[in-house]
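*Asks:* Prediction below, plus the sequence it came from.
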Amino acid sequence: MTTPLTSLDRPNSYIGRSVPRPNAKRLLAGRGRYVSDLKLPRMLYAAFLRSPHAHAKIVSINTEHARASEGVHLVATGADLAKICTPWTGTLDHFKGMTSAPQWPLPLDRVVWAGQAVVAVVAESRAIAEDALELIEVDYEDLPLVVDIDGAREAGAPLVNPGSAHNICFRGQLDNGTVDDAFAYAVHVVEEEFSFARHTAVTLEPRAIVADYDPAAGMLTVHHGTQTPYQFQDLYSRHYGIPEARVRVIATDIGGSFGMKLHVYHEDMAVVGLSILLGRPVKYVADRMESFVSDIHARDHRVRARMALDAKGEILAMDVLDLTAIGAFSTYPRTSVVEGNQVIRLIGAPYRFKNYRATLEVIFQNKVQPSQYRAVGHPIACAVTERLVDMAASKIGLDPFAIRAQNVIPDDAYPQTSPTGYRFEALSHQACLKRLRELMDYDALRAEQADVRKRGIYRGIGIAAFVEITNPSPAFYGVGGARISSQDGAILSLTPSGEVRCLISVTEQGQGTEAIISQIVADQLGLAQEHVKVITGDTEVTPHGGATWACRGAGIGGETALQATRALKRNILEIAALILQEQPSALDIVDGEVVDAGTRKPRLPISEIARIAFFRSDTLPPGTQAQLTVSHHFAPQGYPFAFTNGIQGCSLEVDVETGLIKLLKHFIVEDCGRVINPMLVDEQLRGGIVQGLGAALFEECRYSETGQLMNGSLADYLVPMPMEMPDIVIAHVETPTADTELGAKGVGEAGTAAASACVLNAVNDALTPFDATINSIPITPTKVLKALKRF
Amino acid sequence: MSGFGETLLDATDETVRVRFVVNGRKVACEVAPRDTLVDCLRDKLELTGTHAGCEMGACGACLVQIDGRAAHACLIFAVQADGARIETIEGLTESGVLADLQAEFHRRNALQCGFCTQGMLVNAQELLSQVAQPSREEIRDALSGNYCRCTGYEAIVDAIDAVAKERMKARSAGGGGT
């Protein structure tokens, strides 16, 4: 059987093709180069003494015995590091009125969460450093503390930052339209209070850093398990007063990140200082227990929301209050307000309604800092919106698909501005909704549900539509005064043997950045992919850029690579034209050969052009300077964000005797614009969904009343494991963005954005016969049994 | 200095000479009694393909073969492994026993950051040595001690399933062997 040829059948056509990642073979052979693997000559190891108190005054620190221990090179307190490091404050200018206290690598006089690093020891091995920690005596004086959201908001509550009048970090309000009038006019109103537990990234490789300060050269080299090497180059330079060109940050293989590895951590900043104090390389790798108490946490929201609808089920208005607790400080440099801000701006995003009011209150408490983690704010906005839509559907007597079909913004109605001020270029809710219904075989699932219910089996079906923020422009952090780049850069060189080396600022954490960049370069230049070498993650080598976060790798990094490649191709063809006595426009490149653009007849291999240009420039016409290295930067313009959309569905079973939930199958229809590598996109979606399912059912950082994390180990904190996870069925709709030539948007958050909303809706669907509802994430067996009044 | 501290520090001074056959080669090294096998492999023998994810046997990143069976290198002290035959991802790669699994993982992108991957491979090899044709449910069950934060596990299950079928086919074609 012959199938018609497609664009993918022409030579070197890689955009849209599922090719494996070239760098994955190395990882499969155990040849990864993670920072935790690194060992440098004369390297020492750091360990940190952590506070057992959630809020206490540091009365005195006695380090005498630790300093005298054999193998110990340095014991440093907050005061020691404050002499060489300037403090940082996690605020952004465009969040008017937000406050946060200055932070130092180690605290000067007060600890503000249990697990905060207090004293650093540097020794010849991690074990010796840990032994020495036992010899340090810290005299603490307990201070009153606040742990939960309500306690922190009460009048007269203990203050997390004694200099301030209250525990409010930030208050924001959106008010668009006549919300009170809409509610007064409404025929149906649904209302609910939701809670979302704290959870954390649990990257399998914990945070890892090796700082290497060379006093003779005045040069700091930091091997850092981070997503954002350029951001840290800037921060280490400014806070330690080292010229930026003498700070090098190298981020090679990273064992998971998900947003967790782009914030400033006290220990990481301290390790840089310790290396400066010692003039030697210092390594710190958090252990799993340390990760739980010092990595950023995320979510921790309580949302009160109501939705007004008319008699037919048209959404008229939403009114929202989001309370979010962020620990004792706002993180630096991105702040801990971004999540709440995105919650109130993404609520209601798929739907066509005009009246919206939301209040955001961001609150300090004596816990570790929550901040940006995969799908920042999306899961909360999605769960609140989609649960209210389902509640409304049930009240009005509409099917969940029907109420959404009635209310989503029509696919032909773009561009659109949301009531929260987001500008949507082109989304595809109607197409996705229709596709999901087919993909799930929705009617059959409903029939099966009714059938098994007769036998006392309670299955639930849930769907949830989402809008995802990708490709952020400078409007995201730049306008707030943060030195976080929204542009990326690429340097492309033709090597003397006719291959291509691409240095690019977007980084690789396993999602396949190197693969898709090499696909784009090979595709645009007309080379085989194996002749393109992509290099990422080294500030001394790769040009400055935002790197990989907020789903900008393909959309911004990919466009950068595309434009750089087109520039290199122009230059190659100009030289080829001189050699071949042709017009450059009459030539093209296919499979590494310069060909006649019209006939595709081969004229000269590009290796020959490279040879002549590099080694026999004497044979080129006078005045010719072959520019076979090009550098190109690209910053997004046009829409401030490339919004994407999609819809998820799930089928699950609730055991009403035990409260256990079994996920049966998960579905997603997703539109990320131009798909560069379908296999990698699908794997991103699946990974993201599983992170959302973990949040939905298992993950929760549980604290005691005294602010102690009660489940800070992988035996106690539940993460999704293979056995509990369902197979995930994926379909795509492609609406490329017109803002770039590549047309790609991001896809990293899409899976996480709606997974927990789907599960929430499905569990409530399963519990319909019992008149029981759940409004809290994670949905644990206890919560199910409580809802069923069986516990 | 307190007596407690001196005792602790004295303990670190003690080292024990242990010998293993690692990846087919005899090795000897000096370890502290408290050093786990994963520390010894990574730090002393510089076999960094084996990773430490949780150091309590929950995540599976440190799985190696000890005397032919998959075992957590974080749950065994180096001294306990004295005299054992140990295969790490480096040795299993060189000998080619995992080549079909590695190729299938690569083809299906059954990994992202790669930090859990060698543990997944060691566990997959163990499963396929015990059950020739596991169901998807059995594969998921066997992997239930291997944590991966990046993937949705499905590609990993698919890859192991495909290799199991290929190995079965090869076995029936070749008429025996493992």
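*Replies:* In hand now; what should we look at?
*Asks:* worst-scoring helix or strand of the chain, pLDDT-wise?
*Replies:* No chain was given, so I picked chain A. Here the helix or strand of chain A ranked lowest by mean pLDDT, DSSP states H and E is helix A:149-153, holding a mean of 92.
*Asks:* my bad, chain B
*Replies:* Per mean pLDDT, DSSP H and E, bottom of the list for chain B is helix B:3-13, a mean of 51.
*Asks:* Please work out which residue of chain A is closest to chain B.
*Replies:* Nearest residue of chain A to chain B, counting by Cβ to the nearest Cβ: A:Gly30, 2.2 Å away. From N, CA and C alone the C-beta is placed, and that goes for glycine too.
*Asks:* Count the residues that sit near that residue.
*Replies:* By other Cβ atoms under 10 Å in any protein chain shown, 23 other residues sit near A:Gly30.
*Asks:* and residue 16, what is it in contact with?
*Replies:* Here I'm looking at chain A. Contact partners of A:Gly16, counting by Cβ atoms under 8 Å, 6 or more residues apart in numbering or on different chains, are A:Ser7, A:Leu8, A:Arg674, A:Val675, A:Ile676, A:Asn677, A:Pro678.
*Asks:* try chain B instead
*Replies:* Neighbouring residues of B:Val16 by Cβ under 8 Å, 6+ apart: B:Glu30, B:Val31, B:Ala32, B:Pro33, B:Val79.
*Asks:* Helix, strand, or coil at the first one?
*Replies:* Judged by DSSP: H, G, I helix; E, B strand; the rest coil, the three-state class of B:Glu30 is strand.
*Asks:* again, but for the last one
*Replies:* Put simply, B:Val79 is helix when judged by three-state DSSP.
*Asks:* got the residues of the stretch 401-550 of chain A near chain B?
*Replies:* Counting by Cβ under 8 Å from any Cβ of the partner chain, the residues of the stretch 401-550 of chain A lying close to chain B are A:Gln509, A:Gly510, A:Gln511, A:Gly512.
*Asks:* A:Ile730 contacts A:His666, correct?
*Replies:* No - applying Cβ atoms under 8 Å, one finds A:Ile730 not in contact with A:His666, separated by 9.4 Å.
*Asks:* Which residue of those two possesses the greater neighbour count?
*Replies:* A:His666 (31 against 21).
*Asks:* OK, contacts around the residue of chain B found nearest chain A?
*Replies:* The minimum distance from chain B to chain A, using Cβ to the nearest Cβ, falls at B:Gly49 (2.2 Å). Counting by Cβ under 8 Å, 6+ apart, B:Gly49 makes contact with A:Ala29, A:Gly30, A:Arg31, A:Gly32, B:Thr88, B:Ile89, B:Glu90, B:Thr93, B:Gln118.
*Asks:* ok, now how distant is the second one from B:Gly114?
*Replies:* Distance from A:Gly30 to B:Gly114, counting by Cβ to Cβ, to the nearest Å: 9 Å.
*Asks:* try the fourth one
*Replies:* Taking Cβ to Cβ as the measure, A:Gly32 falls 5 Å from B:Gly114.
*Asks:* low-confidence ranges in chain B?
*Replies:* B:1-13, B:175-178 (pLDDT under 70).
*Asks:* Show me which pair in the contacts of B:Gly49 is furthest apart.
*Replies:* A:Gly32 and B:Thr88 (13.1 Å; Cβ to Cβ).
*Asks:* So what touches stretch A:140-152?
*Replies:* So stretch A:140-152 is in contact with A:51-59, A:110-111, A:157-158, A:160, A:167, A:300, A:302, A:323-325, A:363-367, A:703-707, going by Cβ under 8 Å, 6+ apart.
*Asks:* Return the subset of these lying in strands.
*Replies:* Judged by DSSP state E, those include A:Ala56, A:Lys57, A:Ile58, A:Val59, A:Arg110, A:Val111, A:Asp300, A:Arg302, A:Leu323, A:Thr324, A:Ala325, A:Ile363 as members of strands.
*Asks:* wouldn't the fifth one be in contact with A:Ala56 here?
*Replies:* It stands for A:Arg110. Yes - contact status for A:Arg110 versus A:Ala56: in contact at 7.1 Å, counting by Cβ under 8 Å.
*Asks:* Going by residue numbers, what spans are strands in chain B?
*Replies:* Counting by DSSP E, chain B has strands at residues B:16-22, B:25-31, B:63-66, B:69-72, B:85-87.
*Asks:* returning to that earlier point: would you turn the contacts of B:Gly49 into TSV with distance to A:Ile209?
*Replies:* As requested, these are exported to TSV (distance: Cβ to Cβ, whole Å):
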residue	distance to A:Ile209
A:Ala29	25
A:Gly30	22
A:Arg31	21
A:Gly32	17
B:Thr88	25
B:Ile89	24
B:Glu90	25
B:Thr93	28
B:Gln118	23
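*Asks:* which of those residues count as buried?
*Replies:* Neighbour-count burial (16 or more other Cβ atoms under 10 Å in any protein chain shown) applied to the contacts of B:Gly49 gives A:Ala29, A:Gly30, A:Arg31, A:Gly32, B:Thr88, B:Ile89, B:Glu90, B:Thr93, B:Gln118.
*Asks:* What is the host helix or strand of A:Asp234 packed up against?
*Replies:* Under the criterion of DSSP states H and E, A:Asp234 resides in helix A:229-240. Applying 3 or more Cβ pairs under 8 Å, 6 or more residues apart in numbering or on different chains; DSSP states H and E, we find helix A:229-240 packed against strand A:219-224, strand A:247-250, helix A:266-278.
*Asks:* circling back: which one (most neighbours) among the contacts of B:Val16?
*Replies:* B:Val31 (22 neighbours).
*Asks:* Run a quick neighbour tally on the closest residue to that one other than its chain neighbours.
*Replies:* Nearest residue to B:Val31 in three dimensions, chain neighbours excluded: B:Ala78, at 4.2 Å (Cβ to Cβ, 6 or more residues apart in numbering or on different chains). Neighbourhood size, B:Ala78 [other Cβ under 10 Å]: 25.
*Asks:* quick one: low-confidence parts of the stretch 1-150 of chain A?
*Replies:* A:1-5, A:7.
*Asks:* interface residues of it facing chain B?
*Replies:* Going by Cβ under 8 Å from any Cβ, the residues of the stretch 1-150 of chain A near chain B are A:20-21, A:24-25, A:27-32, A:34, A:36-37, A:39, A:65, A:68-71, A:127-128, A:131, A:134-135.
*Asks:* same thing but at 10 Å, please
*Replies:* Contacts of the stretch 1-150 of chain A with chain B, taken as Cβ under 10 Å from any Cβ of the partner chain, map to A:18-34, A:36-39, A:64-66, A:68-72, A:125-128, A:130-132, A:134-135, A:137.
*Asks:* Now do the strands for the stretch 451-600 of chain A: every range, in order, please.
*Replies:* Using DSSP state E, counting those that start in this stretch, the strands found in the stretch 451-600 of chain A span residues A:458-470, A:488-494, A:500-504, A:532-535, A:587-590, A:593-596.
*Asks:* With only the CA atoms kept, save the last one in PDB.
*Replies:* Read that as strand A:593-596. These are the backbone C-alpha positions of strand A:593-596, laid out as PDB (Å, rounded to 0.1, in the frame of the first residue of the first chain):
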ATOM      1  CA  GLU A 593      24.700  19.500  -0.600                       C
ATOM      2  CA  VAL A 594      24.300  22.900  -2.300                       C
ATOM      3  CA  VAL A 595      21.700  22.200  -5.100                       C
ATOM      4  CA  ASP A 596      20.100  24.200  -7.800                       C
END
